[in-house]
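A.B. asks: Build the 3D model from these lines:
(chains A and B)
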Number of protein chains: 2
Amino acid sequence: MAAPGSESSQALETNMDVDYVVSYRFDDKDKDASLAKFEELVRALSSVGLATEVRNGEDNSVLVFCRVASKDHLFGEVYRSRVKDWIHGIRASEPPRETRQALEADPLSESERLRIIYQLITNPEDEGGAGITPKEGDWKNVEAMFPLHDHKYNHEWIKKWSTQYLLKAEDLDEIRNRFGEKIAYYFAFTQSYFAFLVFPAAFGASCWLLLGHFSPIYAVVNALWCIIFTEWWKHQEYDLSIRWGVRGVSAIDSHRKDFRAEKEMQDPVTGETIKVFPMKKRFLRQLLQIPFAMLAILILGSLIVTCFGIEIFISEVYNGPLKQILVFLPTLILSTGQPVILGILNHFAERLTNYENYETHGSHESALVQKIFVLNFIVSYLPIMLTAFVYVPFGSVIVPYLDVFSLTVKPFAEHDKQFEAPSSWTINPSRLRNQVIYFTVTAQVVNLGMEVVVPYLKRRGLAKFKEIQTERKAKNGGTKPNIAANDPPEEAAFLERVRKEAELDHYDVQNDLREMVVQFGYLSLFSVVWPLTAVSFLCNNWVELRADALKICIEMQRPTPWRADTIGPWLDSLSFLTWFGSITTSALVYLFWNDGLGPDGTPADIKGWALLLSIFFSEHLFLAVRWAVQTVIKKTDSPGRQKERKQRYIVRSRYFQESLKQMERLPKMSEDDNTTIGYLSRENLEEAARQATLRANRMEDKFWARQKGWKETVAVGRTLIEQAVSAESKKDQ
Amino acid sequence: MAAPGSESSQALETNMDVDYVVSYRFDDKDKDASLAKFEELVRALSSVGLATEVRNGEDNSVLVFCRVASKDHLFGEVYRSRVKDWIHGIRASEPPRETRQALEADPLSESERLRIIYQLITNPEDEGGAGITPKEGDWKNVEAMFPLHDHKYNHEWIKKWSTQYLLKAEDLDEIRNRFGEKIAYYFAFTQSYFAFLVFPAAFGASCWLLLGHFSPIYAVVNALWCIIFTEWWKHQEYDLSIRWGVRGVSAIDSHRKDFRAEKEMQDPVTGETIKVFPMKKRFLRQLLQIPFAMLAILILGSLIVTCFGIEIFISEVYNGPLKQILVFLPTLILSTGQPVILGILNHFAERLTNYENYETHGSHESALVQKIFVLNFIVSYLPIMLTAFVYVPFGSVIVPYLDVFSLTVKPFAEHDKQFEAPSSWTINPSRLRNQVIYFTVTAQVVNLGMEVVVPYLKRRGLAKFKEIQTERKAKNGGTKPNIAANDPPEEAAFLERVRKEAELDHYDVQNDLREMVVQFGYLSLFSVVWPLTAVSFLCNNWVELRADALKICIEMQRPTPWRADTIGPWLDSLSFLTWFGSITTSALVYLFWNDGLGPDGTPADIKGWALLLSIFFSEHLFLAVRWAVQTVIKKTDSPGRQKERKQRYIVRSRYFQESLKQMERLPKMSEDDNTTIGYLSRENLEEAARQATLRANRMEDKFWARQKGWKETVAVGRTLIEQAVSAESKKDQ
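C.D. replies: Just a heads-up that it's a prediction; the model follows:
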């Protein structure tokens, strides 16, 4: 046996040519059924041309390793997939029929290979797949299906990124080739956002130094930046979709197994019998989103409002003992209560989305994302809005009523006077700023830590827990065999690694996208409160990009590479946040300019109509500017667009020439030949027409027979003109 | 000679097979140049395969009649045009190469024929045309180029429509076949609008009876109707473009001769040298629209404001003599001044659009239309807005200052007291309603009359004037020959008719579209003032549709049939008016509900913040509802869309089968054959792989060599599972 060090490094270097690992968990209560299903699984995998090997897995599971048995088979599938793309308009030109030639012209990337094998395994049998759908329906015993991490590449990737300030287009292409377009889009978006942040960070820092908070200049520039970024990203997204050859890929979406059709009908287009769910019924179900959103606002809102009230009461009204400790009470309530409620609501959102019964994975996902955005919107922005638009303007009205929260501190208070608001009570002007700083700095850092550290601790803890459990079992005389006992020695390190990867979590790119979009929201909505926001985000996102790469490499199973041509509904969220920013920012500037004292120096001078007028004006200015920016950006050309047009042009001109090859234009009249009239064919035709006239004597034929050829027309015309002119000149004389 | 009656009816029946008439005006000062140009004209027409005949025209002009000399030539051009359409994605499938077959499958409509001949004459020579551009550049002597009216069809058309309540899709198809899609779109739009008006007419009438003016219920329903109509029309427009086979036709727009390129560059797409005008420069020129719009608002606005002020002064302040007559003074100023100013501004808009230097006719036209919309917006809606949002709320503040207008009546007044506002002066509450009624009833009727009657009178007057002139000349001994003197007798009536048609105006569909859009604006913006608005429009538009048909048939030259796939920038105008309606309507309802006395019964109680809050609320409600309506309508299927998808599906599945014909899938594993392992080819491959292992001894190959075929995998897996299960069960015992 070699030294452990070299062995493990070798285990990291080879993936044993494995394409996918299927983790099959058997039920020890129902052995026969498990065995039968296992046989069915291996048989199905084999039926689509995959070679299989089985090894022991953790906790009542076996790992089935698959790889494509024949290269020609794989190439055939690649060709089919590319033809399908071409027919759906994703590729501009037909792929060459000769496979080798096709693969030379457009080499097979790892992500394309893995995607095609994944589809081979999961597609329904009538579409030529094995029909194995992990965790769904009949295949609920198939716990996971994942490709293996390429540790060598991952290592280089992390190393390269951690020493590089900016990511280049080639870095993104590399991710696309490894992890597919969907994940590459997330990195491309975050990278663009990061690059765009440089300007507001620099501008924000100068404003912070020179203009202070709530500067209208900062507000206008920041809103303009948000518009340009959002619109530019739409443009860029399109460009990337062409660069990566995925334009329009969302149109060929895969069907959900969970879709429940209500009736069958004939497709008016293809004539096939299809299963449909009535649109009206789905629309009615979608309407449930409105009560769902209201419920979420109500529940989360009252939690937030309560904690907010308690906090103000304790920190600004209460003056009894233990104030220093009690002031953390609301934070405690919020940080325990909110995740629980959010978890329930998220679960509810998922069930609602299932109930809405979408046909494709894409539409299901985007419906879910919309709901999740609503929840995140409430949790992320409501606290700041409460401070800005309720606490500050109406604080002195509300604070006296806050003694309802005296219950929370009653056990600690010594006498009732401690619950009375001081008569000299004033609004705490730094509260808003502190809150914004909390959300844009502290929370971001905490979040980042949670993302990387918590899964690591969890993984470690779980491993420790298992170890202890095994030891205890061994003590108790349990005879559970060591699953690694039968491993061939040269595979041992490799199998250990695979078993660990099988235990890892599934990576969902939507979570990371959500985080970025929510962050963008703080910038658009509230950064006028604290212009350094963008600086904080700039630093955070440099780390975030690398931390996410690390997370994918270490904390997660290698994701199946999916294609996408957009970041999906998050794009709408971005537009919405930019828009909403125009409202909040104008209101904040009106309310707090001149250090929170209203435009005239005293908060009492805040006028409702002036506030509304500022909002009205700002919002419409925003809409006009956005329209202008959209128009300008839409007209901007880009390499991707040029490439697309070029491809189309080539295809077109080829078709055009092919179609018109046999079609020749009639010969033009020769310019030198002044003696003959027109070209021969025409003369013949006219002669024939004249002959016909003599026979038929139609009025129309007579009309056209008067002037024979264009020379006669000219001659007659000349006479007419000369007559007229001479008549005129005579008259003039 | 036959009786005159039958002759003229015969003249109406035949067009002598003429496709186009070119009216060439010669210059009697420069005979030689005129003659040379004339020869060039006839030669150019002949060079593209047109037969020509020349006859005398009115006023120093000759008429050149053209028709296609050879049917095969025409069919060749039709085929070229259709192939071009197919390549640009306008047609789903390639037209059959055999001409006869192509024309049988998709017969040539009159509009397609005329359009292709027009393009043959006007296209540049390097695109295979004759390069003759009427009234432009070198060809400024070519005064007009028009096809001849088909009087028989026109007669039937008018007759049919005047006895029919609703127009059917077939009627619109008929217009499309005769006059082209651009005009057909106007009729389709007006017809849809007319049909949609039935609901607000009925609902408005009920509201007028039951709820009175300024009812919020009416306002909400009306806004909803406006949204649904606008969005539905977008949907319908798309559908029509598929029905008429013109989807995407705006992409192949024709180039303007007046376009002035600034530099030459290589097209990055086609590699050809193209002439371009820098986008940035054009954008800077487009920015001139802002001062232009402000200038227009200033000039037209001050005219309207002045007249408005004078009118109020005379009607409500002045109480001297001649008041009954003087009250018409502002109307007089407005109705003479406004057309003059509008004419100047229109001219200015045209020059500005020329200066913006667009490459294609389409972009030029839409830029012009946008400017014209701004002018019309001011003229049409500003007077009512002044009354509603200036006169009523601020009337009592402003009226005392109106004595600046006393100048206008000074000559008639007896003493200064007559200029003083009565102390009991109150706002005239019916002024707003009267004004809306004026614009939605009186002005519409007057407009309709002007459109049909004025051109008729003008035509009559002109004919009379010419007759008198000729008579006078004859008296003065002028020898101007009778232009009809040399006409062959059987052609005389026909030529007389053509000479008349040559004198007619050129039809511009944009004017009629503008009229409809402006009308829609009244409904969206102000109909809450007088809910019967839609009733008036419903009656008006029934007549309007027929009057426009009549106008095209009688008052105008037969228009060249153009293609279009939209009503163009008017669509944006519709959206804008709907949006703006949500603002004006909410403001009107807030201000005037409860008979113009504000929500609380007294106008003094109108609160700025409440007004702005109503507007804010209403506008955002509008945006949300519009989004919902858009979503629902976008998902609605329609015959046109189904047809399109069907065509695409057929093309796709044909390609798919063609491409995959030679590509056969690997044979699936036979389900019955349980004794052999997998399929043969795979077995062979694995055997080969195992052989290779023995030689190379690669770790990876060893890994895959452990289990030979899927049956062995199953067997090994079975052992693993059974071991695990038995261990568990032992432990449990």
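A.B. asks: A:Trp86 against A:Pro95, yeah?
C.D. replies: Yes. Look at A:Trp86 against A:Pro95 with CB atoms under 8 Å: they come within range, at 6.3 Å. Any C-beta I mention is one placed from the backbone N, CA and C, and that applies to glycine too.
A.B. asks: Most proximal residue of the stretch 251-400 of chain A with respect to chain B?
C.D. replies: A:Val269 (4.4 Å; CB to the nearest CB).
A.B. asks: Wait, a helix at that residue?
C.D. replies: No. Read with DSSP: H, G, I helix; E, B strand; the rest coil, A:Val269 is coil and lies in no helix.
A.B. asks: which parts of stretch A:265-274 are buried?
C.D. replies: By neighbour count on 16 or more other CB atoms under 10 Å in any protein chain shown, the buried set for stretch A:265-274 is A:Val269.
A.B. asks: no no, stretch A:219-230
C.D. replies: Neighbour counts over stretch A:219-230 (16+ other CB under 10 Å) mark A:Ala219, A:Val220, A:Val221, A:Asn222, A:Ala223, A:Trp225, A:Cys226, A:Ile227, A:Ile228, A:Phe229, A:Thr230 as buried.
A.B. asks: Stretch A:639-654 too?
C.D. replies: For stretch A:639-654, by 16+ other CB under 10 Å, it's A:Gly640, A:Arg641, A:Lys643, A:Glu644, A:Arg645, A:Lys646, A:Arg648, A:Tyr649, A:Arg652.
A.B. asks: thought the second one was touching A:Tyr238?
C.D. replies: It refers to A:Arg641. Yes. A:Arg641 is within contact range of A:Tyr238, at 7.4 Å (criterion: CB under 8 Å).
A.B. asks: so where's the stretch 1-150 of chain A uncertain?
C.D. replies: Judged by pLDDT under 70, the stretch 1-150 of chain A has its weakly predicted residues at A:1-12, A:97-100.
A.B. asks: which residue does it bring closest to chain B?
C.D. replies: Nearest residue of the stretch 1-150 of chain A to chain B, counting by CB to the nearest CB: A:Ser46, 3.7 Å away.
A.B. asks: before we move on, back to that, give me the more crowded residue out of A:Trp86 and A:Pro95.
C.D. replies: The neighbour comparison of A:Trp86 against A:Pro95 (other CB atoms under 10 Å in any protein chain shown) goes to A:Pro95, with 21 against 18.
A.B. asks: With adjacent residues omitted, what lies nearest to that one?
C.D. replies: In space, and not counting its chain neighbours, A:Pro95 is closest to A:Arg82: 4.3 Å by CB to CB, 6 or more residues apart in numbering or on different chains.
A.B. asks: Which residue lies nearest the spatial centre of chain A?
C.D. replies: By CA atoms, centre = their mean, chain A has its centre lying nearest to A:Ile567, at 2.2 Å.
A.B. asks: For that one, list the residues it contacts.
C.D. replies: For A:Ile567, the contacting residues are A:Tyr185, A:Tyr186, A:Phe189, A:Glu237, A:Leu513, by CB atoms under 8 Å, 6 or more residues apart in numbering or on different chains.
A.B. asks: re the thing from before, just give me the neighbour total for the residue of the stretch 1-150 of chain A closest to chain B.
C.D. replies: Per other CB under 10 Å, the neighbour tally for A:Ser46 reads 24.
A.B. asks: Now for it, which secondary structure element holds it?
C.D. replies: helix A:31-47 (DSSP states H and E).
A.B. asks: and A:Ala293, what helix or strand is that in?
C.D. replies: Counting by DSSP H and E, the element that carries A:Ala293 is helix A:289-312.
A.B. asks: Let me fix that, I meant to ask about A:Val436.
C.D. replies: Using DSSP H and E, A:Val436 sits in helix A:430-437.
A.B. asks: Name the surrounding residues that touch that helix.
C.D. replies: A:213, A:383-384, A:387-388, A:391-392, A:522, A:526-527, A:529-530, A:533, A:592, A:596.
A.B. asks: thinking A:Pro488 is in contact with B:Arg706, fair?
C.D. replies: Yes. If you go by CB under 8 Å, A:Pro488 and B:Arg706 touch, sitting 7.5 Å apart.
A.B. asks: ok now do the nearest residue to A:Lys281 once chain neighbours are set aside, which residues does it touch?
C.D. replies: Setting aside the residues directly before and after it, A:Lys281 is nearest to A:Glu262 in space (CB to CB, 6+ apart), at 7.1 Å. Applying CB under 8 Å, 6+ apart to A:Glu262 gives the contacts A:Val276, A:Phe277, A:Pro278, A:Lys281.
A.B. asks: The first one - how many residues pack around it?
C.D. replies: The one in question is A:Val276. A:Val276 is flanked by 13 other residues according to other CB under 10 Å.
A.B. asks: quick one: it and A:Thr353, what's the gap?
C.D. replies: Distance, A:Val276 to A:Thr353, by CB to CB, to the nearest Å: 19 Å.
A.B. asks: swap in A:Phe592?
C.D. replies: Counting by CB to CB, the gap from A:Phe592 to A:Thr353 is 40 Å.
A.B. asks: ditto for A:Lys635
C.D. replies: 38 Å.
A.B. asks: out of the two, which sits in the busier spot?
C.D. replies: A:Thr353 (23 against 10).
A.B. asks: Quickly find the element holding the nearest residue to A:Trp157 once chain neighbours are set aside.
C.D. replies: Nearest residue to A:Trp157 in three dimensions, chain neighbours excluded: A:Ala549, at 6.3 Å (CB to CB, 6+ apart). Secondary structure from DSSP H and E places A:Ala549 in helix A:533-550.
A.B. asks: All the helices of the stretch 151-300 of chain A, residue numbers only.
C.D. replies: Along the stretch 151-300 of chain A, counting by DSSP state H, counting those that start in this stretch, helices occupy A:151-162, A:169-179, A:181-210, A:216-243, A:279-286, A:289-312.
A.B. asks: again, but for the stretch 301-450 of chain A
C.D. replies: Using DSSP H, counting those that start in this stretch, helices in the stretch 301-450 of chain A cover A:323-326, A:329-356, A:361-386, A:392-398, A:430-437, A:443-475.
A.B. asks: May I have the phi/psi pair for A:His149?
C.D. replies: Backbone torsions for A:His149, taken as degrees, to the nearest 10, come to phi -60, psi 140.
A.B. asks: hang on, it packs against A:Lys500?
C.D. replies: No. A:His149 is beyond contact range of A:Lys500, at 10.1 Å (criterion: CB under 8 Å).
A.B. asks: Those two: who's more crowded?
C.D. replies: Legend: neighbour count by other CB under 10 Å for A:His149 and A:Lys500, higher for A:His149 (20 against 12).
A.B. asks: tell me the contacts of that one?
C.D. replies: Taking CB under 8 Å, 6+ apart as the test, what A:His149 contacts is A:Glu501, A:Cys553, A:Arg558.
A.B. asks: Would you format these as a markdown table with pLDDT and neighbour count included?
C.D. replies: Shown next, in a markdown table, are these (pLDDT from 0 to 100; neighbours: other CB atoms under 10 Å in any protein chain shown):
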| residue | pLDDT | neighbour count |
| --- | --- | --- |
| A:Glu501 | 89 | 19 |
| A:Cys553 | 89 | 17 |
| A:Arg558 | 92 | 22 |
